[in-house]
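Enquirer: the following block contains a protein sequence and its predicted model.
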Amino acid sequence: MDLTGKTLFVANRGEIAVRINRAAKALGMTVAQAHSEADAEMLAVKLADKAVCVGPAQATKSYLDAGRVVAAALEAGADAVHPGYGFLAENADFAAAVEAAGLIFVGPSPDTIRRMGDKVAARAAAKAAGVPTAPGSEGRLEGAAAAQAAAEAVGYPVMIKAAAGGGGRGIRVAETAEDLARLVPQAEAEARAAFGDGGLYLERLITDARHVEVQVLGDGTRAIHLWERECSLQRRRQKVWEEAPAACLDADTRDKLCASAVRLAETVGYRGAGTLEYLYDARTGDFHFLEMNTRIQVEHPVTEMVTGVDLIAEMIRIAFGEPLRIAQADVALSGHAIEVRVNAEDPANGFMPFPGVVGAMAVPEGVRFDTMLYEGYAIPPFYDSLLGKLIVHGETRAAALEKLRAAIAGMRLDGLKTTLPLHAALARDPDVIAGRTHTRWLEQWLETATIEAA
């Protein structure tokens with residue numbers, strides 16, 4: 001498919017906007033970049049062919065204002081809109097507004113976003129496709145009595161979860177009926193504030209589980225998987241370190257897991273790039289579907305490194321109507337990749353945010369650094385603290401870890417406090433090296449760890 005002359009509007013900011021920009025340019029497209037008043041000097045604006053301001057610094061008045069974003073895309077003469085991740089990326093009403101304006105939304109249909117964005121509906125879809133789910137409530141919880149009855153049936157401890165949204169919000173762990181009575185109103189209030197929907201459901205808590213996710217691509221009819229990633233190193237339910245493939249899986253479990261993801265993607269007629277998240281219980285060998293993210297993920301580069309597939313480019317091709325070009329048999333795993341998230345936070349000082357001005361900057365050769373940074377750039381204090389992702393690839397996991405240690409030692413980001421010292425400590429930790437981690441491991445480790453100041 002020849003996309004020369006087509007214009008892609010990037011409705012996002014930061015490192016993902018840079019990543020989309022470069023993929024679109026490689027396809028011969030013209031790039032129009034959205035930006036807030038605070039982001040007028042960001043790298044994605046400098047790289048784009050044209051840029052349109054979508055409002056003031058506050059995200060609610062710029063990047064999250066669907067009407068402004070669609071109007072800006074039309075003003076830029078765009079043919080399509082790529083939402084990236086976060087902001088409006090999983091907003092079904094935004095996708096519908098893009099299509100109603102006569103533009104192409106680079107992602108699944110609004111109906112698919114709506115269906116899979118509701119975690120209760122997604123669980124039902126998974127069950128219908130024969131994909132294992134954790135024991136939990138049937139449908140949304142209607143009142144405290146229903147929550148108590150469901151918890152008694154499932155068995156404590158349970159996780160109370162928001163039916164809408166994600167990112168760890170609206171989640172509480174109840175060990176007892178008393179905990180449940182106290183925590184349900186809290187979770188409901190947080191979910192309503194974060195997502196405009198206070199709906200809840202619950203699942204049995206799987207302790208010391210591994211977080212494993214499968215990358216899929218679909219064209220609305222056929223889907224393939226691009227193997228899996230492990231994202232178990234998390235702080236406050238936010239991922240900080242990701243790997244592909246998941247070293248905790250044997251070949252048979254890997255095949256079953258990935259096949260289940262394809263089955264679900266095809267069942268819902270999925271179009272574009274998506275990720276199906278699972279909890280894996282290493283003690284039993286069982287995996288349970290959690291949710292589907294109907295967008296590109298922050299951690300997509302590790303999948304690209306072990307498969308050689310440009311996920312952003314494939315998303316764009318599919319959005320413009322090209323059938324899936326890749327057969328499942330052609331997606332081979334090659335080596336091992338690790339990504340660490342480099343945030344503007346000081347891990348030696350309680351992860352205090354640290355926006356600042358980038359001084360001298362140097363990245364070692366032979367590694368990938370997806371970033372929005374350049375020397376002299378003043379980081380705005382209004383948005384997520386992610387500055388970039390350092391990605392390494394090796395023939396084995398041990399080789400990738402060694403490469404990561406060397407890359408972190410060779411990185412130079414003057415003028416900033418970042419999470420690189422955290423990753424340096426993790427890359428040397430015996431449990432991380434041996435793969436003896438789980439979703440609660442990092443927070444437990446942080447209680448006693450000493451992280452050297454950069």
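Expert: Happy to help now that I have it.
Enquirer: okay, CA-based contacts and neighbour counts for the rest of this
Expert: Fine.
Enquirer: which residue is nearest the centroid of this structure?
Expert: What sits nearest the mean C-alpha location of the chain, by Cα atoms, centre = their mean, is Gln297, with 3.3 Å.
Enquirer: out of everything not next to it in sequence, what's closest to that residue?
Expert: In space, and not counting its chain neighbours, Gln297 is closest to Tyr85: 6.5 Å by Cα to Cα, 6 or more residues apart in numbering.
Enquirer: count the residues that sit near the one you found.
Expert: 19 (other Cα atoms under 10 Å).
Enquirer: and it, how far from Val54?
Expert: 17 Å (Cα to Cα, to the nearest Å).
Enquirer: same check on Ala92?
Expert: Distance, Ala92 to Val54, by Cα to Cα: 20 Å.
Enquirer: neighbour count winner among those two?
Expert: A count of neighbours by other Cα under 10 Å puts Val54 above the other of Ala92 and Val54, at 26 against 19.
Enquirer: how far does stretch 258-271 sit from the chain's center?
Expert: 18 Å (Cα atoms, centre = their mean, to the nearest Å).
Enquirer: cool, and stretch 310-322?
Expert: That offset, for stretch 310-322, works out to 18 Å (Cα atoms, centre = their mean).
Enquirer: would you mind listing the buried residues in it?
Expert: For stretch 310-322, the neighbour count (16 or more other Cα atoms under 10 Å) marks 311-320 as buried.
Enquirer: distance to Thr275 for those - can I get that in a markdown table?
Expert: Formatted as a markdown table, those follow (distance: Cα to Cα, whole Å):
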| residue | distance to Thr275 |
| --- | --- |
| Leu311 | 12 |
| Ile312 | 13 |
| Ala313 | 16 |
| Glu314 | 14 |
| Met315 | 13 |
| Ile316 | 16 |
| Arg317 | 18 |
| Ile318 | 16 |
| Ala319 | 17 |
| Phe320 | 20 |
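Enquirer: redo the residues you listed as CSV? Include secondary structure, distance to Ala189 and pLDDT.
Expert: Output for the buried residues of stretch 310-322, formatted as CSV (DSSP: H, G, I helix; E, B strand; the rest coil; distance: Cα to Cα, whole Å; pLDDT from 0 to 100):
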residue, secondary structure, distance to Ala189, pLDDT
Leu311, helix, 36, 98
Ile312, helix, 35, 98
Ala313, helix, 39, 98
Glu314, helix, 39, 98
Met315, helix, 35, 98
Ile316, helix, 37, 98
Arg317, helix, 40, 98
Ile318, helix, 38, 98
Ala319, helix, 36, 98
Phe320, coil, 40, 98
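Enquirer: got a list of contacts for stretch 404-422?
Expert: By Cα atoms under 8 Å, 6 or more residues apart in numbering, the list of residues contacting stretch 404-422 from outside reads 338, 341-347, 351, 354-364, 367, 391-392, 423-424, 427-428, 451-454.
Enquirer: per-residue confidence for Gly167?
Expert: Looking at Gly167, its pLDDT reads 66.
Enquirer: again with the one 4 residues further on
Expert: Per-residue confidence for Ile171 comes out at a pLDDT of 86.
Enquirer: how close does it get to Lys161?
Expert: Taking Cα to Cα, one finds Ile171 at 5 Å from Lys161.
Enquirer: ditto for Ala449
Expert: Here Ala449 is placed at a distance of 30 Å from Lys161 (Cα to Cα).
Enquirer: neighbour count: those two, which is higher?
Expert: Between Ala449 and Lys161, Lys161 has the larger neighbour count (other Cα under 10 Å), namely 26 against 14.
Enquirer: isn't the more buried one up against Leu183?
Expert: No. Under the contact definition of Cα atoms under 8 Å, Lys161 does not touch Leu183, with a separation of 10.6 Å.
Enquirer: quick one: the residue lying closest to Ala164 once chain neighbours are set aside from Ile318, how far?
Expert: Nearest non-adjacent residue to Ala164, counting by Cα to Cα, 6+ apart: Asp118, 5.0 Å away. Relative to Ile318, Asp118 is positioned 24 Å away (Cα to Cα).
Enquirer: which outside residues touch stretch 37-54?
Expert: Under Cα under 8 Å, 6+ apart, the answer for stretch 37-54 is 13-15, 17-18, 21, 30-36, 55-57, 61-63, 68-69, 72, 75-76, 372-374, 377, 380.
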